[in-house]
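Chemist: Here you go, sequence then predicted model.
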Amino acid sequence: MFNKILIANRGEIALRIIRTCKEMGIKTVAIYSKADADSLHVRFADEAVCIGPPASSESYLNIPRIMAAVEITNADGVHPGYGFLAENANFSEICKQSGVKFIGPTAEMISKMGDKVTAKETMIKAGVPVVPGSEGLLKDVKQGTKIAKQIGYPVMLKATAGGGGKGMRIVQNEDEFEDAWNSARKEAKAAFGNDGIYIEKFVEEPRHIEFQIIGDQFGNVIHLSERDCSIQRRHQKLVEESPSPFMTPELREKMGEAAVLAGKSINYEGVGTIEFLVDKYRNFYFMEMNTRIQVEHPVTEEVIDHDLIKEQIKVAAGIPISGKNYYPTMHAMECRINAEDVLNGFRPNPGKITSFHSPKGHGVRVDTHVYAGYSVPPFYDSMIAKLICKAQSREECIKKMQRALDEFIIEGIRTTVPFHKALMKNEAFRAGDFNTGFMNTFNLEDCVE
Ligand code: MV4
C-alpha cells in the first residue's frame, strides 16, 4: 500500500481524495497555487507545497513543478483527480519514469483512448457496438460525401482529438458537407493541433448513458452499472443520476457486458468510464472512454455503497478486485452547484461567499471545498459543490433533492441552485422523459425565484 500520496489537483476533488487517504492510513500532500492558499485541501493535507502563481499553466498543469513537489515530499503515489493532468499521457509516463505510481492508467492507454479514431477501432475489434461511419480518418471531401451517401444523412463530423464537442459538425445534406468539413478541420486544428476528422451517422435525440468500470492489474474488469448524464448544457453536465430512468434490466446486462468487454480489450487498469449514446429504440453505441475518476462518481458510490477512490487506490497498489459486477440498490442524483449566473447564459460568477449553509440530513451528501468567507477564484472551473441525494426510488430522490436545495444558503455570488430547483419541478424531467437536447427547450425563465 502507498505510504504518501500527492494530490495533483484542487477544490472538492482534492478534499475528496484526502478524506479517503486518511481513512486508509495514507499520508497526503496537497499542492496549491497562490490563489488557493486559503483552501481546505491545503489545511486538511498532512503537508502542502505551493507550486506557483494562479494561472493553471504555471501551477496545476505544470509538470516540472509538480514533480519537484513529489521529490521534496518523497510521495510514492500521485493522484491526478479529474481535469488538469488526469488524462495527460506525458504526465503518467513521467511519473512512471520517476518511480512514483500514477494513480490511473498507463500513458499508452490514455493516448489510445484520447484518440477517438483509435478508440473506435479498438472497440470494433473488441465487439463493442459503435455508430456506423468511416473506418478511420477521412482523407478528403470526396471520400466524406461518398460515405455520407452510403450511411445516409444527417451525419456528424468529429475530430479524432476531440471531446467536449469541439470540431464537431452536424451535416444535413451534401450541399452543406464542404463548409462543415472546412470549419470542423479549422476548429480542430486550432483546439488540438490535430485536424484529423472522421464521420458517423447522426444519432437523433440520444441519451448519454455511461458505465463505470474498474480493472485491476490481473486482467479482471467489472462494471458498477450506469449513470444517466443527459442533462447537459454546451457539453457541461448539470445533473447525473443512477440508475438511468431509461434503463431496463435487459439493457443493463447488454451495455454492462459491452463496457466490460471494452475495458478487457485494452487490459484496463484503474477506474474508467465507457460513454454510450442510446437512441430511443434502446440501441446503444460506444462514444468515448474516460480514463479518470469523474466528477459524477459519487452517484455510483451512493447506489452501490462503495468508496470508488478507495477502490481506485487499492487497484493502483496491486490489490485484486472481486469478480462480480455491482448493481444499484438505491436511486441517487447529483446536482452540480456552479458559481454561475444562470440568467446570464450561465456566465461564471466568482467572488466572495459571504454566507454559506449546506443542506444536511438523511440521504443528503455535499462534496465541497467552500465555506463562509471563501473567495471563489476566477482562474479555474466554476463548480463549488456537488449535492448528492439518495433514496429508495427516483420519485423520493427528487423530493429529497428539492428539500435539500431549499436548505442551501449561498450568499455573495450567484449559483446554479435556482436552475436545479426549476429542473426538479419540470414535468418532462420528473417523468424521466429527456435526452441530450433537453436544455435546448428548457425555459430558463422558470429559474427566476
Ligand atoms: C454524437 C451525437 C449524435 N450522433 N455522435 C457530443 C460530444 C462528443 N463526446 C460526442 N457528442 C455527440 N456525438 C453521433 N454519431 C450527439 C452528440 C452530442 C451529445 C452527446 C452526449 C451528451 C451531450 C451531447 C450534446 C450534443 C451532441
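Modeler: All right, it came through fine.
Chemist: can you pull the contacts of Arg394?
Modeler: Glu241, Pro245, His331, Met333, Gly432 (C-beta atoms under 8 Å, 6 or more residues apart in numbering). Quick note: C-beta positions are derived from backbone N, CA and C, even for glycine.
Chemist: how about 6 Å then?
Modeler: For Arg394, the contacting residues are His331, by C-beta atoms under 6 Å, 6 or more residues apart in numbering.
Chemist: do Gly164 as well
Modeler: Applying C-beta under 6 Å, 6+ apart, we find Gly164 in contact with His235.
Chemist: Point out the residues in the stretch 1-150 of the chain that sit beside the ligand.
Modeler: Counting by C-beta under 6 Å from any ligand atom, the positions of the stretch 1-150 of the chain adjacent to the ligand are Val131.
Chemist: mind exporting the helix or strand harbouring Glu302 as CSV, just the C-alpha atoms?
Modeler: Counting by DSSP states H and E, the element that carries Glu302 is helix 297-304. Taking Å, rounded to 0.1, in the frame of the first residue of the first chain, the C-alpha atoms of helix 297-304 are listed here in CSV:
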residue,chain,number,x,y,z
HIS,A,297,-18.6,9.3,-9.4
PRO,A,298,-20.5,9.9,-6.0
VAL,A,299,-23.7,8.9,-7.8
THR,A,300,-22.3,5.4,-8.3
GLU,A,301,-20.8,5.4,-4.8
GLU,A,302,-24.2,6.0,-3.3
VAL,A,303,-26.1,3.4,-5.2
ILE,A,304,-23.6,0.6,-4.8
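Chemist: Tell me which residues are up against the longest strand seen in the chain.
Modeler: Longest strand of the chain, by residue count under DSSP state E: strand 221-233. With C-beta under 6 Å, 6+ apart as the contact definition, strand 221-233 has outside contacts at 207-213, 215, 237-242, 244, 256, 259-260, 263-264, 296, 299-300, 304, 325-328, 434-436, 438-439.
Chemist: about what we covered before: which elements pack onto the helix holding Glu302?
Modeler: The helices and strands touching helix 297-304, judged by 3 or more C-beta pairs under 6 Å, 6 or more residues apart in numbering; DSSP states H and E, are strand 221-233, strand 236-242, strand 331-338.
Chemist: Give me the pLDDT value at the residue nearest the centre of the chain.
Modeler: Among the residues of the chain, the one closest to the centroid is Gln294, at 3.9 Å (C-alpha atoms, centre = their mean). pLDDT, Gln294: 98.
Chemist: quick one, what contacts it?
Modeler: Residues near Gln294 by C-beta under 6 Å, 6+ apart: Tyr82, Thr273.
Chemist: sec struct for it, please.
Modeler: Per DSSP: H, G, I helix; E, B strand; the rest coil, the secondary structure class of Gln294 is coil.
Chemist: and it, how far is that from the ligand?
Modeler: Using C-beta to the nearest ligand atom, to the nearest Å, we find Gln294 at a distance of 13 Å from the ligand.
Chemist: and stretch 188-196, how far apart are its ends?
Modeler: With C-alpha to C-alpha, to the nearest Å applied, stretch 188-196 spans 8 Å between its terminal residues.
Chemist: Go ahead and measure how far that stretch is from the middle of the chain.
Modeler: Distance, stretch centre to chain centre, for stretch 188-196: 22 Å (C-alpha atoms, centre = their mean, to the nearest Å).
Chemist: Next, the buried residues of that stretch.
Modeler: Ala188, Ala191, Phe192, Asp195, Gly196 (16 or more other C-beta atoms under 10 Å).
Chemist: Spit out the contact partners of Tyr285.
Modeler: Pro129, Val130, Val131, Leu277.
Chemist: Identify the residue nearest it in space, chain neighbours excluded?
Modeler: Val131 (4.5 Å; C-beta to C-beta, 6 or more residues apart in numbering).
Chemist: How confident is the prediction for the one you found, by pLDDT?
Modeler: What the model reports as pLDDT for Val131 is 97.
Chemist: go on, the one 10 residues further on?
Modeler: Among the per-residue scores, Val141 holds a pLDDT of 96.
Chemist: likewise the one 4 residues further on?
Modeler: According to the predicted model, the pLDDT of Thr145 comes to 97.
Chemist: start at 212 instead
Modeler: Shifting the count to begin at 212 puts that one at Thr356.
Chemist: Relative to the ligand, how far out is it?
Modeler: Taking C-beta to the nearest ligand atom, one finds Thr356 at 17 Å from the ligand.
Chemist: do Pro275 as well
Modeler: 31 Å.
Chemist: which among the contacts of strand 432-444 end up buried?
Modeler: Looks like the contacts of strand 432-444 have 418-424, 426, 448-453, 455, 467, 470-471, 474, 507, 510-511, 515, 536-537, 539, 645-647, 649-650 buried, using 16+ other C-beta under 10 Å.
Chemist: Which residue ranges make up the domains of this protein?
Modeler: 215-314, 343-412, 418-658 (automatic domain parsing).
Chemist: about what we covered before: can you report phi and psi for the residue nearest to Tyr496?
Modeler: Main-chain torsions, Val342, degrees, to the nearest 10: phi -70, psi 130.
Chemist: For stretch 289-308, buried residues please.
Modeler: 289-300, 302-306.
Chemist: Likewise for stretch 426-434?
Modeler: The neighbour-count check on stretch 426-434 (16+ other C-beta under 10 Å) flags Gly426, Asp427, Asn431, Val432, Ile433, His434 as buried.
Chemist: Thought Val482 was touching the first one, still the case?
Modeler: No. In this structure Gly426 lies outside contact range of Val482 using C-beta atoms under 6 Å: 8.4 Å.
Chemist: could you say which helix or strand contains the residue lying closest to Asn501 once chain neighbours are set aside?
Modeler: Using C-beta to C-beta, 6+ apart and skipping residues adjacent in sequence, the residue nearest Asn501 is Thr484, 4.3 Å away. In the assignment (DSSP H and E), Thr484 maps to strand 481-489.
Chemist: Relative to Thr333, which of the contacts of Tyr496 is nearest.
Modeler: Taking C-beta to C-beta as the measure, Thr333 lies nearest Val341 of the contacts of Tyr496, at 10.0 Å.
Chemist: Okay, strands next: where are they in the stretch 312-461 of the chain?
Modeler: Under the criterion DSSP state E, counting those that start in this stretch, the stretch 312-461 of the chain contains strands at 312-313, 366-370, 380-382, 408-412, 418-426, 432-444, 447-453.
Chemist: can the ones you listed go into JSON lines with extra columns for mean pLDDT?
Modeler: Below are the strands of the stretch 312-461 of the chain laid out as JSON lines (pLDDT from 0 to 100):
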{"stretch": "strand 312-313", "mean pLDDT": "98"}
{"stretch": "strand 366-370", "mean pLDDT": "97"}
{"stretch": "strand 380-382", "mean pLDDT": "97"}
{"stretch": "strand 408-412", "mean pLDDT": "97"}
{"stretch": "strand 418-426", "mean pLDDT": "98"}
{"stretch": "strand 432-444", "mean pLDDT": "98"}
{"stretch": "strand 447-453", "mean pLDDT": "98"}
